[in-house]
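[1] Sharing a sequence plus its predicted fold:
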Protein chains: 2
Amino acid sequence: MMSFKQKVKGVAKMAYEMGRSDPRKIIFAAKMALALILISLLIFLKEPFQDLTRHSVWAILTVVVVFEFSIGATFSKGFNRGLGTLSAGGLAVGMGELSALAGDWEEVIVIINTFVVGFCATYAKLYPTLKPYEYGFRVFLITYCYITVSGYHTGEFLETSISRFLLIALGAAVSLGVNVCIYPIWAGEDLHNLVTKNFMGVATSLEGVVNHYLNCVEYEKVPSKILTYQAAAEDPVYSGYRSAVESTSNEDSLLGFAVWEPPHGRYKSLNYPWKNYVKVSGALRHCAFMVMAMHGCILSEIQAPAEKRQVFRNELKRVGSEGAKVLRELGNKVKKMEKLGRGDLLYEVHEAAEELQQKIDKKSYLLVNSELWEIGSRPREETDNSNSKGLFNMDQDRKFLEYKSLSEAVLDLRSVEVQNNWDGKTTDNNNISAVPASIANENMSMKQPQSWPAHVYYKPDAKAKVEESKTLESASSLSLTTFTSLLIEFVARLQNLVDSFEELGEKANFKDPLEPVVVTPTGFWNRLFNCFRS
Amino acid sequence: MMSFKQKVKGVAKMAYEMGRSDPRKIIFAAKMALALILISLLIFLKEPFQDLTRHSVWAILTVVVVFEFSIGATFSKGFNRGLGTLSAGGLAVGMGELSALAGDWEEVIVIINTFVVGFCATYAKLYPTLKPYEYGFRVFLITYCYITVSGYHTGEFLETSISRFLLIALGAAVSLGVNVCIYPIWAGEDLHNLVTKNFMGVATSLEGVVNHYLNCVEYEKVPSKILTYQAAAEDPVYSGYRSAVESTSNEDSLLGFAVWEPPHGRYKSLNYPWKNYVKVSGALRHCAFMVMAMHGCILSEIQAPAEKRQVFRNELKRVGSEGAKVLRELGNKVKKMEKLGRGDLLYEVHEAAEELQQKIDKKSYLLVNSELWEIGSRPREETDNSNSKGLFNMDQDRKFLEYKSLSEAVLDLRSVEVQNNWDGKTTDNNNISAVPASIANENMSMKQPQSWPAHVYYKPDAKAKVEESKTLESASSLSLTTFTSLLIEFVARLQNLVDSFEELGEKANFKDPLEPVVVTPTGFWNRLFNCFRS
């Protein structure tokens, strides 16, 4: 008994939580209940018309079926239902009168007709482009069969279909009246919010991915939910881009409903370009795929050593935060339905990407393993002493090297590279999540060495083994290249996103942010605005 | 009139095509029509029972609504419908009897009850985890209201609900009988086929992406459908991985139906692990994201020059084809429901990836721009004459260089690098799709130079401009690194795919391919099999 009480408590708490997070749900449930009592009242009142009351089920059915969460869905279903009922009624009445002419063969003709109509309607329903009208086909079949059967009994085809249609019209009127007039819930508004939310999600993911990468956050064991691409709500980095990537079908269905909605609120024009919201979201998704691929670098088994990541720390961080800033800015613009200002939104992020690229060029010796170059392998000196210097000593080295001649510099290259004590077994596993540059890099490089086949790495030949581990080491450095390339490609794709945003702004007639009424809360835009003023 | 005739012809052709590509659709339509005439016949025969005929609409409605394409969907909807009807009937009868006791206040109590029940049912329906039972809630509401309304008129609550339930049972029986007994269509079978199809799609995409990359196939203008992630059926490379990525919701709904299906055909065990099919498909999707990212390299604006790609041609090609082979092999195993053989399926692809990695290490000087290294910039000699040699002369160069000392080799590095006549304006745009190594590389590198902002590249300062274009050049070389890294990461992810396949094979009790009955058509496995025999 106690546990039942607790269960009830739990359910009540869940219900309260749902209502608090989206009060529209409470309103919707109340509206639905209101429509139901209205239709019940109408049927009570209409008691004198015995015939209508007998078929009252149709009115109730219509209310329950047509009443959808958003206005667009209600209209679209109502239209389907009306069309299906009307055409089926007409056909059934025609067929009924026709088969009545056949005399003795009437039953046979009715059966054959039912089969043919049933077959055709069901077959047509399966055609892919007719899929959205599936519901209409069902209503068509129900109406046709019902009118045929009950008309056969009473012989009053026309009367049956008319009374039925009247009740359906009554139900639809109540349904639409309540749903549209009392606190309407618009699918278009939902679509708009979904697109805005996607922008914020991808921005969060981008920042998170770059930060995780720089802080060498590693998954102890990659959650199998990520490996099999299932929803994992607890990881904001993952769920941010995932929800943007996954929202396709949601967007499509909202779009399907939004086009049915009349102009309302901020969406004033007829033929409002809802399609363009989906297009902007698609362009955002195209960017999100890059974030996803970058996240793949974190999930990867081959990891770049922490020290090398730190070299590019500032540049990576700047591109990441500038990219996220652009996404947030665009998201806010979509939310506030504003056009872009006259400045180049992408200027800063392009600058940052350019800087990152230049840094990579200057430091690309860190990314390659020049020992293996076939155009001339350097003599292997014993540089055990250089192993003891980490990146801490690197700056002094660099200053020194800059004054050396080239050939000397190259000969000394090995001491500039981070120490590669791959074969040595230093085992300070504890400070992985900390950022110090002195982490022994084999801790970072292989998470699950068993998943890369042993035969490749543990060849009996000792010399081969050394070469293999060198291979692996350079693979791990290249992974850093991959991350930066993906980040730069992400920046390149932003242009496409901005283009589709501008198309949306043009078509949807977004307002101009330079009009004096608008107060822009973001400092960047104020700065830019003032720039243009002065 | 002529155009109408043509339209009819067109529709007939479409219908014929659909039937030819999936004959199950014709069978399903015929089954549906059969169920409809059966229920009509039953109602005709039952004419003596006036009461049943009057409510015949319920039987027809049940048939039309419950009759779904697959057995699982039929069961699940039928169950929903049954449960909703039963509980609503019970509640309505109880409430009706209760409100009858209220005497004068009966109407008020009926109205209040209806409101409360309508509100609670609708609100509960909106809770995310109850979403699959949405249909049951609708049926519940319809039944409750109908019984309340008609019971109020007649005072026979119990009778109404019983007659209604009998008719629904009749409709469900006819529906289930016809659907299960005549050529059943199983959702599980569909899920199985979908997973197999995804394997083949990703394999095709992988091969296509690698080939496109090596042949420098470029999109003249990237289709905006790809940029906004919409379906574009005409591109097999794109649609292959896209359908695998997009099939999530389809898989989930098929899974939802498949768990309702009894053991049948090849799926003999109770509690068949359908979930694991979805898991395998998820792991495949995790691999497909890498293919997607590789495709991103082709769509990218920064492209690696053709000559450098050719250097890695054989290795890239081998990894691509071995990877596709593994995917096809796994797809076939899933299709034939066989376990893996005793050999290491991934041996060859890992070898190929290792080889690719070694080649990259040996040639990584091609990927970086050592001129910009801050540890010592080489003197800029005028090497205009070396610009005329392309890769054709490279082999001789290399042989020569291998005998040089290191410092000389590095000094001569620039002539080994492919010619970088970035600033020169050679304009042979026509032979882009051909593969010759002598293509001027600026044709490959920037597709839409306007989309990278002009201010970055066209600085007034001439020296800065030269440096910028060098930056861009090395960015384009790094893009090759990215492609190969992604390919190697793809190979690394295959292990996870094989693991989830093995889990599926274990749980679903796949047969052992080493049993002598099985004839394996793929040459590879026969070879491997013979290996173990001898």
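    Arrived safely.
[2] I'd like the distance between the closest residue to residue A:200 other than its chain neighbours and chain B.
    Distance criterion CB to CB, 6 or more residues apart in numbering or on different chains; nearest residue to residue A:200, sequence neighbours excluded, is residue A:331 at 5.4 Å. Every C-beta, even on glycine, is put in place using the N, C-alpha and C of the backbone. Separation of residue A:331 from chain B (CB to the nearest CB, to the nearest Å): 17 Å.
[3] Residue A:331: what's it in contact with?
    Under the criterion of CB atoms under 8 Å, 6 or more residues apart in numbering or on different chains, the neighbours of residue A:331 are A:196, A:198, A:199, A:200, A:203.
[4] Recalculate using a threshold of 7 Å.
    The neighbourhood of residue A:331, defined by CB atoms under 7 Å, 6 or more residues apart in numbering or on different chains, consists of A:196, A:199, A:200, A:203.
[5] ok, and the closest non-adjacent residue to the second one?
    Setting aside the residues directly before and after it, residue A:199 is nearest to residue A:331 in space (CB to CB, 6+ apart), at 2.9 Å.
[6] near chain B, which residues of the stretch 101-250 of chain A?
    In this structure, the stretch 101-250 of chain A approaches chain B at residues A:111, A:114-115, A:118-119, A:122-123, A:126-127, A:138, A:141-142, A:145-146, A:149-150, A:153, A:227-230, A:249, judged by CB under 7 Å from any CB of the partner chain.
[7] Which helix or strand contains residue A:284?
    Secondary-structure element containing residue A:284, defined by DSSP states H and E: helix A:274-299.
[8] Now that helix: buried residues?
    Within helix A:274-299, the residues scored as buried using 16 or more other CB atoms under 10 Å in any protein chain shown are A:274, A:276-299.
[9] With stretch A:106-113 instead?
    Those buried within stretch A:106-113 under the rule 16+ other CB under 10 Å are A:109, A:110, A:111, A:113.
[10] how far away is the last one from residue A:105?
    The reference is to residue A:113. Counting by CB to CB, to the nearest Å, the separation of residue A:113 from residue A:105 is 12 Å.
[11] what's residue A:91 in contact with, if anything?
    A:117, A:144.
[12] switch to 10 Å and redo it
    Residue A:91 makes contact with A:113, A:117, A:121, A:140, A:143, A:144, A:147, A:148, A:161 under the criterion CB atoms under 10 Å, 6 or more residues apart in numbering or on different chains.
[13] a markdown table for the residues you listed, including secondary structure and pLDDT?
    Converted to a markdown table, those look like this (DSSP: H, G, I helix; E, B strand; the rest coil; pLDDT from 0 to 100):
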| residue | secondary structure | pLDDT |
| --- | --- | --- |
| A:113 | helix | 86 |
| A:117 | helix | 89 |
| A:121 | helix | 88 |
| A:140 | helix | 86 |
| A:143 | helix | 80 |
| A:144 | helix | 85 |
| A:147 | helix | 78 |
| A:148 | helix | 80 |
| A:161 | helix | 71 |
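[14] Now for these: which two are most distant?
    Pairwise distances across these peak at 16.9 Å for A:121 and A:161 (criterion: CB to CB).
[15] The helix or strand residue A:5 falls within and chain B, are they touching?
    Taking DSSP H and E as the definition, residue A:5 sits inside helix A:2-21. Yes - when contact is scored as CB under 10 Å from any CB of the partner chain, part of helix A:2-21 falls within range of chain B: A:11, A:14, A:15, A:17, A:18, A:19.
[16] That helix - contacts with which helices or strands?
    Other helices and strands packing on helix A:2-21, by 3 or more CB pairs under 10 Å, 6 or more residues apart in numbering or on different chains; DSSP states H and E, are helix A:24-45, helix B:106-125.
[17] Then residue A:344 would be within a helix, right?
    No - going by DSSP: H, G, I helix; E, B strand; the rest coil, the assignment for residue A:344 is coil, not a helix.
[18] Neighbours of residue A:512, how many?
    Summarising burial for residue A:512: neighbours were counted as other CB atoms under 10 Å in any protein chain shown, giving 12.
[19] Report the entries of the buried residues of helix A:274-299 that also contact chain B.
    Intersecting the buried residues of helix A:274-299 with the contacts of chain B gives A:276, A:278-290, A:292-297, A:299 (criterion: CB under 10 Å from any CB).
[20] ok, back up a step: make a ChimeraX selection of whichever of the residues of the stretch 101-250 of chain A next to chain B turn out to be buried.
    To isolate the buried subset of these in ChimeraX, counting by 16+ other CB under 10 Å, use the following:
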select /A:111,114,115,118,119,122,123,126,138,141,142,145,146,149,150,227,228,229,230
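[21] mind checking how far the nearest residue to residue A:24 once chain neighbours are set aside is from residue A:247?
    Taking CB to CB, 6+ apart, and ignoring the residues beside it in sequence, residue A:24 has residue A:185 as its nearest neighbour in space, at 5.5 Å. The span separating residue A:185 from residue A:247 equals 19 Å under the rule CB to CB.
[22] Need the overlap of contacts for residue A:113 and residue A:105.
    residue A:99.
[23] can you give me the helices for the stretch 51-200 of chain A?
    Using DSSP state H, counting those that start in this stretch, the helices assigned to the stretch 51-200 of chain A run over residues A:56-66, A:71-101, A:106-125, A:134-154, A:157-181, A:187-214.
[24] returning to what we had before: out of the contacts of residue A:331, who's nearest chain B?
    Sorting the contacts of residue A:331 by how near they are to chain B, with CB to the nearest CB, puts residue A:199 at the top with 14.6 Å.
[25] Surely the closest one and residue A:332 touch.
    Yes - between residue A:199 and residue A:332 there is a contact at 8.2 Å, judged by CB atoms under 10 Å.
[26] between the two, who's got more neighbours?
    In terms of neighbours (other CB under 10 Å), residue A:199 is the more surrounded of residue A:199 and residue A:332; the figures are 27 against 17.
[27] OK, contacts around the more buried one?
    By CB under 10 Å, 6+ apart, the contact set of residue A:199 is A:244, A:280-281, A:284, A:287-288, A:326-335, A:497, A:501.
[28] So the residue nearest to residue A:24 is in contact with residue A:25, correct?
    Yes - when contacts are counted by CB under 10 Å, residue A:185 is listed as touching residue A:25 (9.4 Å).
[29] Pull up the overlap in contacts between these two.
    Counting by CB under 10 Å, 6+ apart, the contacts common to residue A:185 and residue A:25 are residue A:69.
[30] remind me which residues of chain A are low pLDDT?
    A:1-2, A:45-54, A:152-157, A:218-224, A:228, A:231-233, A:301-302, A:364, A:366-475, A:515-534 (pLDDT under 70).
[31] neighbours around residue A:97, how many?
    A count of nearby residues for residue A:97, using other CB under 10 Å, gives 12.
[32] Can you report phi and psi for residue A:264?
    In this entry, residue A:264 is assigned phi and psi values of phi -160, psi 150 (degrees, to the nearest 10).
[33] Kindly report the same for residue A:511.
    Backbone torsions for residue A:511, taken as degrees, to the nearest 10, come to phi -80, psi 160.
[34] quick one: it and residue A:340 touch, right?
    No - with contacts defined as CB under 10 Å, residue A:511 does not count as touching residue A:340, sitting 11.6 Å away.
[35] These two: which has the busier surroundings?
    For residue A:511 against residue A:340, the residue with the higher neighbour count under other CB under 10 Å is residue A:340, and the figures read 18 against 14.
[36] Next up, the contacts around that one.
    Counted by CB under 10 Å, 6+ apart, residue A:340 has contacts A:329, A:330, A:333, A:498, A:501, A:502, A:505, A:510, A:512, A:513, A:525.
[37] And the residue nearest to residue A:200, which helix or strand is it part of?
    Using DSSP H and E, the secondary-structure element containing residue A:331 is helix A:313-336.
[38] and stretch A:495-506, which residues are buried?
    Residues of stretch A:495-506 classed as buried by neighbour count (16+ other CB under 10 Å): A:495, A:496, A:497, A:498, A:500, A:501, A:504, A:505.
[39] Next: stretch A:210-220.
    The neighbour-count check on stretch A:210-220 (16+ other CB under 10 Å) flags A:210, A:212, A:213, A:214, A:216, A:218 as buried.
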